[in-house]
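In: Whatever this is, show me its structure:
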Amino acid sequence: MLKKTVSLQPLVVFILCLLSPALSLADLSARSDVREFIDDMNKKHGFKEGELLKVFAKVDINQKIIDAITRPAEAKPWHEYRPIFLTEKRINGGVEFWKQNDAALSRAYKDFGVNPEIIVAIIGVESLYGKYRGRYSVLESLSTLAFNYPKRSRFFKSELEQFLLLAREENIDPEEIKGSYAGAMGKPQFISSSFRRYAVDFDNDGKRDLWGNSVDVIGSVANYFAEHNWRKGQPVASKAKVNGNGYKALVKKGIRPHMPLGDMLKKGISIADDFPTDEKAALIELENKDGEEYWVGMDNFYVITRYNHSQLYAMAVYQLSKAIKEKRQTAVAVTE
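Out: Model prediction:
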């Protein structure tokens, strides 16, 4: 006689749903970790517990956000990453953005020392000059990553805290703000902590508007770079050639400038530009289809990586900035 087998799968799934926040079907505001976060916000910043419970009760965990953060564009090789940002659309858009905001860019250079083309390129890479600002609810993105992405939970809980403080300070509805899957916002795609710390009211209208006010955006990006030690009038990067095998150890030291350029040149490295040899530099290796490409990055290149820690990102910004500046100069020369 055959014994009737009973599947335990439904019971197992039910138990996992009870034990695992990632699988829980319950109201997010009922989770113990969310309740703990709300309690901290009440004690540290005076947020009303009932109001935050209502906010989180309407927040959904979005698996698409976790999927997106696990496959960032910066994981691509350079030959696949570069074409995303070095496009005629971004170059021409940058020329037009510069034309429309020339006065603000000039003032930002005067006040903060940051090159106009670098500011324009950042905005171009981040949001195509405001056209693509993200389609996710920032509240949903930060909540998903804070409570369902253990790998970086601590960071995103901090950003969620900063976002709620920002919403209160700027008198904006946290449920209405859209951004990237990682919670970046506005034309410059500032995360919440960067918004609170570096955003400026560059047109003195009483608001820090990084969504619709390009003047505030320009001033805020310039302030961000200045606060991260951008050096006015100093070079960024130069195409390099390598000889021998000594360059491999230099690449391994990373993108932070660590050796006087003069000493680096003595190790078989040559560059296309005449840079100060007493300034520290780093050797950057980029992957192409037919081999590696090398650049020497100076202090200002490293500063670009403070906006996004990827050397691919910094190189895309730098090359886009050069293309925009050259295109603008050509356009200006034609009209004169």
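In: ok, L165 - contacts?
Out: In this structure, L165 makes contact with H45, S192, R196, judged by CB atoms under 8 Å, 6 or more residues apart in numbering. (C-beta placed from N, C-alpha, C; glycine too.)
In: Just the buried ones from the residues you listed, in PyMOL syntax?
Out: Those of the contacts of L165 that meet the burial criterion (16 or more other CB atoms under 10 Å) are gathered into one PyMOL selection, given here:
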select buried, resi 192+196
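In: Closest to G244 out of the contacts of L165?
Out: Checking the contacts of L165 against G244 with CB to CB, the nearest one is S192 at 46.8 Å.
In: what residues are up against the closest one?
Out: Residues in contact with S192, defined by CB under 8 Å, 6+ apart, are V138, L142, E159, L160, Q162, F163, L165, L166, G183, M185.
In: again, only using 6 Å
Out: Remark: with contacts taken as CB atoms under 6 Å, 6 or more residues apart in numbering, S192 is in contact with E159, Q162, F163, L166.
In: where's the nearest residue to I38 once chain neighbours are set aside relative to P174, distance?
Out: Across the structure, with CB to CB, 6 or more residues apart in numbering as the measure, the residue nearest I38 apart from its sequence neighbours is L52 (4.6 Å). Look at L52 and P174: by CB to CB, to the nearest Å, they are 10 Å apart.
In: Repeat that for F112.
Out: Using CB to CB, which is the criterion applied here, F112 is 30 Å from P174.
In: now T305
Out: If you measure T305 against P174 using CB to CB, the figure is 30 Å.
In: Could you do A167 as well?
Out: Taking CB to CB as the measure, A167 and P174 are separated by 4 Å.
In: how about low-confidence regions in the protein?
Out: Along the chain, the parts satisfying pLDDT under 70 run over 1-26, 334-336.
In: Identify the single longest helix in it, thanks.
Out: Longest helix of the chain, by residue count under DSSP state H: helix 311-335.
In: what distance separates that one from the centre of its chain?
Out: Average the C-alpha atoms of helix 311-335, do the same for its chain, and the two points are 20 Å apart (CA atoms, centre = their mean, to the nearest Å).
In: Quick one: residues in contact with it.
Out: 74, 78, 81, 85-86, 91, 94-95, 98, 117-118, 120-122, 124-125, 236-237, 255, 284, 301, 304-305.
In: filter those to the buried ones?
Out: When burial is judged by neighbour count using 16+ other CB under 10 Å, the buried members of the contacts of helix 311-335 are 78, 81, 85-86, 91, 94-95, 98, 117-118, 120-122, 124-125, 236-237, 255, 284, 301, 304-305.
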